[in-house]
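Q: When you get a sec, could you give me coordinates for this:
(3 chains)
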Amino acid sequence: MELRLEEIATLVGGELHGDGSLLCRGANPAGQSTTEEITLILSPADAAIWNTQAKPALAFVTGSYQAEINVPQIVCNEPHLAFEKIVAHFRPPLGPKIPGVGCSPFSKVAATAEIHPTATIAEDVVIGERTKIMPGVVIMAACTIGDDCVIYPHVTLYERTEIANRVVIHASSVLGAHGFGYRQEAGRHVAKAQLGSVKIENDVEIGASVTIDRGSYGATTIGEGTKIDNQVMIAHNCQIGKHNLLCSQVGIAGSCTTGDYVTLAGQVGLKDHITLGDHTIIGAKAGVMDDCAGNQFYLGAPAIPYRDQMQIFALQRKLPEMRKELKELRKQLQKLAPSSDQPETTTKPISQNSSRGEAA
Amino acid sequence: MELRLEEIATLVGGELHGDGSLLCRGANPAGQSTTEEITLILSPADAAIWNTQAKPALAFVTGSYQAEINVPQIVCNEPHLAFEKIVAHFRPPLGPKIPGVGCSPFSKVAATAEIHPTATIAEDVVIGERTKIMPGVVIMAACTIGDDCVIYPHVTLYERTEIANRVVIHASSVLGAHGFGYRQEAGRHVAKAQLGSVKIENDVEIGASVTIDRGSYGATTIGEGTKIDNQVMIAHNCQIGKHNLLCSQVGIAGSCTTGDYVTLAGQVGLKDHITLGDHTIIGAKAGVMDDCAGNQFYLGAPAIPYRDQMQIFALQRKLPEMRKELKELRKQLQKLAPSSDQPETTTKPISQNSSRGEAA
Amino acid sequence: MELRLEEIATLVGGELHGDGSLLCRGANPAGQSTTEEITLILSPADAAIWNTQAKPALAFVTGSYQAEINVPQIVCNEPHLAFEKIVAHFRPPLGPKIPGVGCSPFSKVAATAEIHPTATIAEDVVIGERTKIMPGVVIMAACTIGDDCVIYPHVTLYERTEIANRVVIHASSVLGAHGFGYRQEAGRHVAKAQLGSVKIENDVEIGASVTIDRGSYGATTIGEGTKIDNQVMIAHNCQIGKHNLLCSQVGIAGSCTTGDYVTLAGQVGLKDHITLGDHTIIGAKAGVMDDCAGNQFYLGAPAIPYRDQMQIFALQRKLPEMRKELKELRKQLQKLAPSSDQPETTTKPISQNSSRGEAA
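A: As a prediction, this is how the structure comes out:
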């Protein structure tokens, strides 16, 4: 499977800068690559991730030459499509493929694991000691599950999902389905790369009917000890920290990152590419549109610091009073200076919407 | 199954206007009926749909005589119950019924289709070429699935669901469950008609844990090329246009219609009976309470045009400042005209709520 | 299984006040206990529930001596952990346990019930007359299902779920999964007691992909005739009243109580421990932060009475106009009294947030 960088450059029709004889053994997105792998540098954000790491990768694919990064690079017109081709070389898609019935002879199940006969375990799956697989669970090819896990009925794990130890997944949750990423071509939506996977660290608990999508090229990750309530949605490429609490019906859009000990209350939504610092708390129903520093409590949609939002909630309820007061002040002013006969403030920009509610 | 109009009038105890000898071969709601079928005209909206079509139906059921529509009509006291009876004659309910194990001998599966042995395929199902049916999928009676589809584990298709070609449905999604429509009788909620189905056009992709409910009399429809993310809910009778993007956790209430190339961001909600024009974009978490013209971006709950909403969001954060300024202006005014000693604006209508937040 | 109160005090290392020779036959939370059972009194709320009942329990566990309650009590340092131990004695956890294939010989299925061979029915399950269990349903140990129910494909009922008569549960719903309750110990989240169950009364209908979590010690209950739409989440310990309508994507946090004939529109969220009176209506997308009296319509997040909220919605859209008017009044005032040269109201506390929207 390994390729020389010059072979990769040829594969994707890119322009190689640097030593083409180096051997590359894999491909992963920025922040997940090893020193034997090639990665993708597209944005200043990717470059920033690069600079925080000692030796982040053997080489990288990019759209325009990056003078300041001192490893081989392959410059391509369409770096996303090029990287997709490289990742697919190293990690060819395993699905969609109908598995056999029951437990594949090409899987490796620990002696003390218990698997219900109606579960489906595809080839190249590894299941650890004392793990329990309940009725109707479907585990697709090349998944690994650690020790002492419980996978409740009707859970589906798509290809290459990695589950560590002491993980509990409740009924009907789906890990590793395709991310919701499309580009338009000739008026049609075409799916972007769906070559990544889902990785769940130790001691994570996942509620019922949760969905966690696979990464585009690498892993969507849930950090150790994090607890996820029912009906939570975590989109592709998210990196959820350790010991988070994600309450019911939370929705996290693509490529978000949370620190450790983050709490998201019920029905919270995060825009894509948001970063939340350690110990951030987001109040129920909030909509997070910007990165949040840690150790703070945010509320509202768009979310702002809790105290500010509570003050705004209170003042919103004083709007009728404020409007009344404005009118009175104007009346008094006109008594004092009757000559100031400028016309009423125009209400046109507002009136177009005012049919949308019962105006006061 | 076919009936003369006079037979239908007798069946429902309605008053027939027009040629009772005409043969009727089916029944469908306004907008979905053929020229050999009877339909239902209740509201001016239904009549408007009628008028946009060349010859919309053979006849119709109604609650009061419609002089301006020139085909036979059957006037009934309870037109909904009457139409339900007629639809049930032409399309008798097929469930709830326990299917056999595995693939029914009365289904028709293409030679190149692949079906996992743990899937359930009930009678009168048709499955096209190269379609893959994963473990645990349940396909109830009289469903049709086209070519090159992939149906992931634990998907349930209720009776008469129609899936066209190249459709992907991810794990645990449910198509065709009963709509949430009830009428109250003697203090109890009684389910309305659940005689319709779900129809998915070509190249649609449906995420994991999506629910799309059957129509009341006709089909809930998803247009060609539309992509639906995880945990989206589409209620009964909705008509979703072509090439829409419906992001995660969107909820669309009953009888909504979207144009083509509509985008609904995460956690958006649509009230029932909403119509969105082509190329409408609704921002994350918005709540749509009114129809939206096309080619516009809306935001907020209730949703209004994006720019207006962003201005309001900004001004909400200025409320503390505005309130302070109001107080100062009043103070200055009182210095100028100390005689104006009217009492403070009463705050009673506000104070009843002010315990609900930390007032400033 | 029965224990004397003195034995219970020894089991939990608590201090017994009252007659230790009394025989105790069970344990249930405040409001669900019988006169032969021990209960838990922690808060003034629990004590209030106690006082509304004739003879609520044989005895109770508490954290500090309750002089005003005249039955035996066991005072413990950690009353939650003590009560957990007592409940676990009377109702030892039955899971997680892999059931056998198909219908357990230790279950009791009525002659006229129909069960699909791919369903899993664990031991000690009771299923009533004419009830239909569809493909892939998993019913764990000690569940009871009444007469004339329909359980659609891939529904999971965890241990001890109780379903009364004429109940319909649509595909992929999950009843009885663990509640989302954790306490922190040494920086890790540790699950609280998960010893309760789910109880569904007569004539309830539950949509697709609904999740209802088990109670901590007792039952999460859905009252007679209540209808629940798709993708609704009901958390641990909730007591939902009779004939409620819970629309799609509603989320109800732990320990909420609703009266009868309550309606929650789509995407509504309730904070934990909320109580809603009979005939309360909550409008779409509202976030309920406080108890609501009955016979009223609430809207908004935080939810307030409908009329007030509609007025606020309307006035929010007048904010640009109000701000303009404020500026004009100030200008006029300064013309009248140019000497009043106090500096502009500082905008610093606002400006820190103003990057979060397009300021006007």
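Q: Nearest residue to the residue minimising distance to the centre of chain A in space, please, no chain neighbours.
A: Centroid check for chain A by Cα atoms, centre = their mean gives A:Cys238 as the closest residue, at 2.5 Å. In space, and not counting its chain neighbours, A:Cys238 is closest to A:Cys256: 4.9 Å by Cβ to Cβ, 6 or more residues apart in numbering or on different chains. All C-beta atoms are positioned from the backbone trio N, CA, C, and that covers glycine.
Q: Do I have it right that that neighbour meets A:Leu270?
A: Yes: counting by Cβ atoms under 8 Å, A:Leu270 is a contact partner of A:Cys256 at 5.0 Å.
Q: Find the residues that touch each one of the two.
A: Here A:Cys256 and A:Leu270 have A:Leu276 as joint contacts, going by Cβ atoms under 8 Å, 6 or more residues apart in numbering or on different chains.
Q: The residue nearest to the centre of chain A: what's it in contact with?
A: Contacts of A:Cys238 (Cβ under 8 Å, 6+ apart): A:Thr220, A:Thr221, A:Ile252, A:Gly254, A:Ser255, A:Cys256, A:Thr257, A:Thr258.
Q: Pull out the buried members of those residues.
A: Neighbour counting with 16 or more other Cβ atoms under 10 Å in any protein chain shown marks A:Thr220, A:Thr221, A:Ile252, A:Gly254, A:Ser255, A:Cys256, A:Thr257, A:Thr258 as buried within the contacts of A:Cys238.
Q: In contact with the first one, which residues?
A: Residues in contact with A:Thr220, defined by Cβ under 8 Å, 6+ apart, are A:196-199, A:212-214, A:234-239.
Q: helix or strand for it, which one?
A: strand A:219-222 (DSSP states H and E).
Q: is chain B contacted by the helix or strand immediately after that strand in the chain?
A: Per DSSP H and E, the first helix or strand lying C-terminal to strand A:219-222 is strand A:227-228. No: shown here: strand A:227-228 not in contact with chain B (Cβ under 8 Å from any Cβ of the partner chain), separated by at least 13.4 Å.
Q: and the contacts of A:Cys238 as a markdown table, adding secondary structure and pLDDT?
A: Formatted as a markdown table, the contacts of A:Cys238 follow (DSSP: H, G, I helix; E, B strand; the rest coil; pLDDT from 0 to 100):
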| residue | secondary structure | pLDDT |
| --- | --- | --- |
| A:Thr220 | strand | 98 |
| A:Thr221 | strand | 98 |
| A:Ile252 | strand | 98 |
| A:Gly254 | coil | 98 |
| A:Ser255 | coil | 96 |
| A:Cys256 | coil | 98 |
| A:Thr257 | strand | 98 |
| A:Thr258 | strand | 98 |
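Q: got TSV for those, with distance to C:Gln332 too?
A: Supplementary listing: these in TSV, determined by distance: Cβ to Cβ, whole Å:
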residue	distance to C:Gln332
A:Thr220	59
A:Thr221	60
A:Ile252	50
A:Gly254	51
A:Ser255	51
A:Cys256	49
A:Thr257	51
A:Thr258	51
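Q: Just the ones in strands from the contacts of A:Thr220, please.
A: A:Ser197, A:Val198, A:Lys199, A:Ile212, A:Asp213, A:Ile234, A:Gln239 (DSSP state E).
Q: Closest to A:Ala54 out of those residues?
A: A:Gln239 (19.0 Å; Cβ to Cβ).
Q: how many other residues sit next to the closest one?
A: By other Cβ atoms under 10 Å in any protein chain shown, the residues close to A:Gln239 number 20.
Q: partners of the residue lying closest to it once chain neighbours are set aside in the sheet?
A: Nearest non-adjacent residue to A:Gln239, counting by Cβ to Cβ, 6+ apart: A:Thr257, 4.6 Å away. Note on A:Thr257: beta-bridge partners by DSSP bridges are A:Gln239, A:Thr275.
Q: who touches A:Thr257 in this structure?
A: Here A:Thr257 is in contact with A:Cys238, A:Gln239, A:Ile240, A:Gly241, A:Ile274, A:Thr275, A:Leu276 (Cβ under 8 Å, 6+ apart).
Q: what's the most distant pair in those residues?
A: Spanning the widest gap among the contacts of A:Thr257 are A:Gly241 and A:Ile274, at 12.9 Å by Cβ to Cβ.
Q: What parts of the stretch 251-360 of chain A come near chain B?
A: A:251, A:253, A:267, A:269, A:271, A:287, A:301-302, A:304, A:307-308, A:310-318, A:320-322, A:324-326, A:328-329, A:332-333, A:335-336, A:349, A:353, A:356-357.
Q: where in chain A is pLDDT low?
A: A:338-360 (pLDDT under 70).
Q: one more time with 80
A: Judged by pLDDT under 80, chain A has its weakly predicted residues at A:44-46, A:48-55, A:337-360.
Q: all helices for it, in order.
A: A:5-12, A:44-51, A:79-90, A:306-316, A:319-336, A:348-351 (DSSP state H).
Q: For C:Ile38, find the nearest of those helices.
A: helix A:306-316 (39.9 Å).
Q: What are the buried residues along that closest one?
A: Of the residues in helix A:306-316, those buried (16+ other Cβ under 10 Å) are A:Tyr306, A:Asp308, A:Gln309, A:Met310, A:Gln311, A:Ile312, A:Phe313, A:Ala314, A:Leu315, A:Gln316.
Q: Give me the subset of those residues that also touch chain C.
A: A:Asp308, A:Phe313, A:Gln316.
Q: quick one, what contacts the residue lying closest to the last one once chain neighbours are set aside?
A: With sequence-adjacent residues excluded and distances taken as Cβ to Cβ, 6+ apart, A:Gln316 is closest to C:Ile312, at 5.4 Å. Taking Cβ under 8 Å, 6+ apart as the definition of contact, the neighbours of C:Ile312 are A:Gln316, A:Arg317, A:Leu319, A:Pro320, C:Gly300, C:Ile304.
Q: ok, the contacts of A:Thr220 vs A:Val174, which is closest?
A: Once Cβ to Cβ is applied, the member of the contacts of A:Thr220 that ends up nearest A:Val174 is A:Ile212, at 7.6 Å.
Q: residue contacts, the closest one?
A: So A:Ile212 contacts A:Ser173, A:Val174, A:Leu175, A:Gly176, A:Val198, A:Ile206, A:Thr220, A:Ile222, A:Met233, A:Ile234 (Cβ under 8 Å, 6+ apart).
Q: Mind doing that once more with 10 Å?
A: Taking Cβ atoms under 10 Å, 6 or more residues apart in numbering or on different chains, we find A:Ile212 in contact with A:158, A:161, A:169, A:173-177, A:198-200, A:206, A:220-222, A:228, A:232-236, A:238, A:240, A:252, B:208, B:230.
Q: can you put the ones in strands among the contacts of A:Thr220 in JSON lines and add distance to B:Thr10?
A: Shown next, in JSON lines, are the ones in strands among the contacts of A:Thr220 (distance: Cβ to Cβ, whole Å):
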{"residue": "A:Ser197", "distance to B:Thr10": "63"}
{"residue": "A:Val198", "distance to B:Thr10": "60"}
{"residue": "A:Lys199", "distance to B:Thr10": "66"}
{"residue": "A:Ile212", "distance to B:Thr10": "57"}
{"residue": "A:Asp213", "distance to B:Thr10": "56"}
{"residue": "A:Ile234", "distance to B:Thr10": "58"}
{"residue": "A:Gln239", "distance to B:Thr10": "67"}
